[in-house]
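Asks: Sequence and predicted structure below; questions after.
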Amino acid sequence: MNILYIDIDTLRPDHMSCYGYARQTTPNIDRLAARGIRFGGVYASDSPCLPSRSALASGRFGFSTGVINHGGRRAEPYPSGPDRGRQSRVAVESWPSRLGGAGYWCASISTFAERHSAFHWYAGFNEVLNLGTGGLETADQVGAAAIDWLRRRGRDGDWLLHVHLWDPHTPYRTPEGYGEPFGGQPARTWIDESVIAAHRRLSGPHSAQEVTGWGPSPARAAYPRQPQEIVTGRDVEVMIDGYDIGVHFADHHVGTILDELDRLGLSGQTAVMVSSDHGENLGELGIYCDHQTADEHTHHIPMILAWPGITHPGVDESLRYHIDVAATILDLAGAQVPPGWDGRSFAQGLLSGEAAAGRDHLVLSAAAWATQRAVRHGRWLCIRTYHDAFHGFPEIMLFDLEADPAERHDVAREHPRIVQESMTLLDEWVGERLASTPDGVDPVTAVLDEGGGFYARQRPDGYLERLRRTGRPDRADAIAGRTELTWEV
């Protein structure tokens, strides 16, 4: 048995045609979904890139690993301490290490670990190919490397091959030569002129007047598929086209890899998983072209699994973490799930064809930009903010995702019972997790002690003046008059 894990960075399921999107963005992944299982309720436990993949590799929440930020103390795993043996816990318990123990040769084609100094990601991989482009490589480069690997090693026995495509990630940079595959297909969007006007009064990185960060950047002029500012509906169309074309470009090269599996005669003995580390906000919560919050669009990820021997394709809408899927892959591959993992396998349900129970709620965590935790249950998403990355979020927000998928209307005041239920679930989750930290302290505390998420701390000195100069003096005054630490844990 072989396992091909195609990891498409920053991929929103609701912008994939196999999840019902109007544009045919993912025709090759669609054909995989037709013979496999499409999961509709999978969420990254932690975001963005570094916390999410650290959780996946370790099978544990960021709360347990210590990796919840992109800089500062909590961008590193907790040290093992005096009980560490010759090998660290991650070396023994990581996802590829466990597969390796079951006889798999594990290889990764990715620049992720170098980009984030996430060298714990390498634990268990026998072979790593780093293209040396720091995450700015495109799918044609990665696809060519993957096809070369398959031709050299594909027939050598059981293997896991991780193939990482960055293309939907900001800045949207699909080569201009790829053209406009959605020309004549206007983007469907909820962002009208009134929304743009309201969003242009907001503040914070990647807000409507600062789509590329804290303000226009000459360097970003090299990426015309992503606007630097949202002024009119045309800018919104350019943004959505830029993102969707990145998805389509990645999917095109997924197709070339799947075709190579067919050509080599490996398809019948290769399980294929397509997923992502996190999603992307395209205007939701006033954030454009980035992934900063513990909300639906940053944490909800696609998950397609086609596994030889599972002969009942379909759709599974149960709530699950991505680390639950990692545990399930171990189980299906005959590897033991470590007892200390937070991920729970549902392999038996997949093999039997019976619906495997999901989780009744999820806790989602973000701390690289805004520092937040959210509880996802039923139709509800309740977000608690500890540091708002200067976006002006209230401490508690509640969204009815069935009625309001774009998260436009905070209904916390209208539903105090749901808020209380959500915060009770969050407090219980935190209490259970505290025992898994070496010092018994919530890792969010370290992030707040440093002044907030790593990128929030990169606020330029001239940003308040920029707010005043661009018609937002009220936001400048609000930020100037507050302390960096907004709400205590």
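Replies: Structure received.

Asks: pretty sure residue 389 belongs to a helix, no?
Replies: No. If the criterion is DSSP: H, G, I helix; E, B strand; the rest coil, then residue 389 is coil and not within a helix.

Asks: Can you pull out the low-pLDDT segments for the stretch 1-150 of the chain?
Replies: Judged against pLDDT under 70, the stretch 1-150 of the chain has no low-scoring part.

Asks: Near the closest residue to residue 278 other than its chain neighbours, how many other residues are there?
Replies: Leaving out its chain neighbours, the residue that sits closest to residue 278 by Cβ to Cβ, 6 or more residues apart in numbering is residue 47, at 4.3 Å. No exception for glycine: its C-beta is placed from N, CA and C like everyone else's. The number of residues packed near residue 47 is 30, by other Cβ atoms under 10 Å.

Asks: Residue 327 too?
Replies: For residue 327, the count of nearby residues is 24 (other Cβ under 10 Å).

Asks: just to revisit the earlier point, list the backbone torsions phi and psi for the residue nearest to residue 278.
Replies: Residue 47 has phi and psi values of phi -140, psi 160 when expressed as degrees, to the nearest 10.

Asks: list the contacts for the residue lying closest to residue 370 once chain neighbours are set aside?
Replies: Residue nearest to residue 370 in three dimensions, not counting chain neighbours: residue 389, with 4.2 Å by Cβ to Cβ, 6+ apart. Listed by Cβ atoms under 8 Å, 6 or more residues apart in numbering, the contact set of residue 389 reads 204-205, 292, 369-371, 452-453, 455-456.

Asks: returning to what we had before: any idea how far residue 297 is from the residue nearest to residue 278?
Replies: Residue 47 is 10 Å from residue 297, where distance means Cβ to Cβ, to the nearest Å.

Asks: longest single helix anywhere in this protein?
Replies: The single longest helix within the chain, with elements called by DSSP state H, is helix 233-263.

Asks: which helices and strands sit right next to that helix?
Replies: If contacts are counted by 3 or more Cβ pairs under 8 Å, 6 or more residues apart in numbering; DSSP states H and E, helix 233-263 sits against strand 2-8, helix 27-35, helix 139-153, strand 159-165, helix 193-199, strand 270-275, strand 281-282, strand 288-290.

Asks: Save the ones you listed as JSON lines, and put in mean neighbour count and distance to residue 364 too.
Replies: Formatted as JSON lines, those follow (neighbours: other Cβ atoms under 10 Å; distance: least, Cβ to Cβ, whole Å):
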{"stretch": "strand 2-8", "mean neighbour count": "23", "distance to residue 364": "19"}
{"stretch": "helix 27-35", "mean neighbour count": "18", "distance to residue 364": "24"}
{"stretch": "helix 139-153", "mean neighbour count": "18", "distance to residue 364": "28"}
{"stretch": "strand 159-165", "mean neighbour count": "25", "distance to residue 364": "22"}
{"stretch": "helix 193-199", "mean neighbour count": "13", "distance to residue 364": "23"}
{"stretch": "strand 270-275", "mean neighbour count": "23", "distance to residue 364": "16"}
{"stretch": "strand 281-282", "mean neighbour count": "22", "distance to residue 364": "14"}
{"stretch": "strand 288-290", "mean neighbour count": "25", "distance to residue 364": "16"}
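
Asks: Compile the ones you listed into a markdown table and extend it with columns for distance to residue 212.
Replies: Formatted as a markdown table, the helices and strands packed on helix 233-263 follow (distance: least, Cβ to Cβ, whole Å):
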| stretch | distance to residue 212 |
| --- | --- |
| strand 2-8 | 22 |
| helix 27-35 | 28 |
| helix 139-153 | 22 |
| strand 159-165 | 22 |
| helix 193-199 | 15 |
| strand 270-275 | 27 |
| strand 281-282 | 14 |
| strand 288-290 | 7 |
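
Asks: Out of those, which gets nearest to residue 324?
Replies: Closest approach to residue 324 among the helices and strands packed on helix 233-263 (Cβ to Cβ): strand 270-275, 12.0 Å.

Asks: can you pull the buried residues of stretch 321-339?
Replies: Buried residues in stretch 321-339, defined by neighbour count with 16 or more other Cβ atoms under 10 Å: 321-333, 335, 337-338.

Asks: what's the answer for stretch 292-311, then?
Replies: So stretch 292-311, judged by 16+ other Cβ under 10 Å, has buried residues 292-307, 310.

Asks: Check the gap between the nearest residue to residue 211 once chain neighbours are set aside and residue 172 for me.
Replies: Nearest residue to residue 211, sequence neighbours excluded (Cβ to Cβ, 6+ apart): residue 288, at 4.6 Å. Going from residue 288 to residue 172 by Cβ to Cβ gives 11 Å.

Asks: before we move on, what about residue 236?
Replies: As defined by Cβ to Cβ, residue 236 lies at a distance of 13 Å from residue 172.

Asks: State the helix or strand in which the residue nearest the centre of the chain lies.
Replies: Against the mean C-alpha coordinate of the chain, by Cα atoms, centre = their mean, the closest residue is residue 278 at 1.0 Å. Here residue 278 is covered by no helix or strand, with elements defined by DSSP states H and E.

Asks: who touches it in this structure?
Replies: Contacts of residue 278 by Cβ under 8 Å, 6+ apart are 10, 44, 47-49, 52, 291, 298-299, 301.

Asks: Pick the one among those residues closest to residue 80.
Replies: Distances from residue 80 to those, taken as Cβ to Cβ, are shortest for residue 52 (22.1 Å).

Asks: That closest one in helix, strand or coil?
Replies: Strictly by three-state DSSP, residue 52 counts as helix.

Asks: That one and residue 107, how far apart?
Replies: 20 Å.

Asks: So what's the residue count around the closest residue to residue 143 other than its chain neighbours?
Replies: Computed as Cβ to Cβ, 6+ apart, the closest residue to residue 143 that is not its neighbour in sequence is residue 253, at 3.6 Å. Other residues lying near residue 253 total 24 when counted by other Cβ under 10 Å.
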